[in-house]
Structures are given as structure tokens and as C-alpha cells.
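**Student:** here you go, sequence then predicted model.
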Amino acid sequence: MVINNATAARMQVIAHRIGNITIAAAKAVQIELLKTKMANGIAHFAFMKKDGTIREAFGTTQTNIASAKTNGNGISRECYNTTAYFDIEKGEWRSFRWENLVWVA
């Protein structure tokens, strides 16, 4: 497996936050998989919310689906160590912290 620069950077942030490089590597690779799935269609995944509950989501980053809610302004969520996605069920943009990703279907 080849880890690109973005995945390595995510791995370092996650490892710093949770204190485990092995889990951080696994989560960083899962995030890369999730981002690829969202770029190509709708992905099914789950993450832990701030209150500790698990949120199951269906999301995408395809502009043809989310174009009505995309204006192209602002700072990338990657700068905040989170991943943004367009929530298909809510019809709005959402994001989650990298270390909180639970699974990707």
C-alpha cells in the first residue's frame, strides 16, 4: 500500500489526538477510501459525534448532486483537520473530525 502525503498528514494529526499510530494509520487510510467513494458517488459511513453517539451517514462530494448548496467560497475543511461531505438525507454540508470515523461501507 502506498500512502500519499495527504494520508500521511492525516495520520499524524490523528495519532497526535488519540495517541496511537496504528489506529491513526488505519483511520487515515479509511478516510482516503471514503473521499474516493464520495468523489465517485454516494458513500455510506459512520462517525462518532461530539456527544458520543454514532451518526450513520450517506454523503457525497460530487458537484452535480450538491451544486445548489455549493458556492465555492470559504476555507477547506481539511485546514481544520476534518472531512466535509454533502449529507444526502439532510441536504446540507456537514463535516466530521478525522479521528471520529468509525467505518466505511
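**Tutor:** Arrived safely, thanks for sending.
**Student:** mind listing what residue 9 touches?
**Tutor:** Taking Cβ atoms under 8 Å, 6 or more residues apart in numbering, we find residue 9 in contact with no residue. C-betas here are computed from N, CA, C, even on glycine.
**Student:** how close does it sit to residue 32?
**Tutor:** Distance, residue 9 to residue 32, using Cβ to Cβ, to the nearest Å: 11 Å.
**Student:** cool, and residue 94?
**Tutor:** 19 Å.
**Student:** now the one helix or strand in the chain whose mean pLDDT sits lowest - C-alpha only, CSV.
**Tutor:** Ranked by mean pLDDT, DSSP states H and E, the weakest helix or strand in the chain is helix 63-66, scoring a mean of 78. Provided in CSV are the C-alpha atoms of helix 63-66 (Å, rounded to 0.1, in the frame of the first residue of the first chain):
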residue,chain,number,x,y,z
THR,A,63,-20.9,18.8,-7.5
ASN,A,64,-23.7,17.6,-9.7
ILE,A,65,-25.6,16.4,-6.6
ALA,A,66,-24.6,19.2,-4.2
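**Student:** and the nearest residue to residue 101 once chain neighbours are set aside, bridged to which residues?
**Tutor:** Once flanking residues are discounted, residue 101 sits nearest to residue 47: 5.1 Å by Cβ to Cβ, 6 or more residues apart in numbering. Residues in a beta bridge with residue 47, per DSSP bridges, are residue 55, residue 101.
**Student:** got a list of what residue 47 touches?
**Tutor:** 54, 55, 57, 96, 97, 100, 101, 102.
**Student:** who wins for neighbours among those residues?
**Tutor:** Using other Cβ atoms under 10 Å as the neighbour test, the contacts of residue 47 are led by residue 96, with 24 neighbours.
**Student:** what residue is smack in the middle of this protein?
**Tutor:** residue 83 (3.5 Å; Cα atoms, centre = their mean).
**Student:** next, the buried residues of the helix or strand containing residue 38.
**Tutor:** Using DSSP states H and E, residue 38 sits within helix 21-40. Across helix 21-40, burial judged by 16 or more other Cβ atoms under 10 Å covers 24, 25, 27, 28, 29, 30, 31, 32, 34, 35, 37, 38.
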